[in-house]
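> Pasting the sequence and the predicted model now:
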Amino acid sequence: AKMSDEAMAMGEDDGELKAYREKILVRNRRMRKMQELMREGDYFSASSLETRAPSLYHEYVGRHVRHGNNTLAPDPIASA
């Protein structure tokens, strides 16, 4: 049997609602995992980031580190 236009429209809305809810669930799950990792310790520390992804670490962080003492170099714009 053919579905009416109204029934089809309701089905589409229901599908969109399910997709939206799933998107929210995934976002919440990711947020909880990030908070857990932050509580547990050093997952987001510079040394851990460097170990997990050396090339990305260098691209985003390592080029700003003073060699020798691993401290961030001063921002030349902020110190002007």
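Great, that's in hand.
> Going by C-alpha atoms from here, please, whenever you check contacts or count neighbours.
Will do.
> any idea which element residue 31 lies in?
Assessed by DSSP states H and E, residue 31 sits inside helix 5-40.
> List the buried residues of that helix.
Going by neighbour count (16 or more other CA atoms under 10 Å), nothing in helix 5-40 comes out as buried.
> right, and the helix or strand after it?
Trace forward from helix 5-40 with DSSP H and E and the next one is helix 46-52.
> Dump that next one to CSV, keeping only the CA atoms.
Only the C-alpha atoms of helix 46-52 are listed here, as CSV (Å, rounded to 0.1, in the frame of the first residue of the first chain):
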residue,chain,number,x,y,z
ALA,A,46,53.1,18.7,25.6
SER,A,47,55.2,15.6,26.1
SER,A,48,52.2,13.3,25.5
LEU,A,49,51.2,15.2,22.4
GLU,A,50,54.8,15.0,21.1
THR,A,51,54.9,11.2,21.7
ARG,A,52,51.5,10.6,19.9
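> Which pLDDT value goes with residue 59?
Note on residue 59: pLDDT of 88.
> Buried residues in the helix or strand encompassing it, which are they?
For residue 59, the host element (DSSP H and E) is helix 54-60. Residues residue 57 are the ones in helix 54-60 that count as buried (16+ other CA under 10 Å).
> circling back to that earlier point, tell me the mean pLDDT over the helix holding residue 31?
Helix 5-40 comes out at a mean pLDDT of 84.
> if we can go back for a sec, from the contact counts, what lies against the helix holding residue 59?
Applying 3 or more CA pairs under 8 Å, 6 or more residues apart in numbering; DSSP states H and E, one finds that helix 54-60 contacts helix 46-52.
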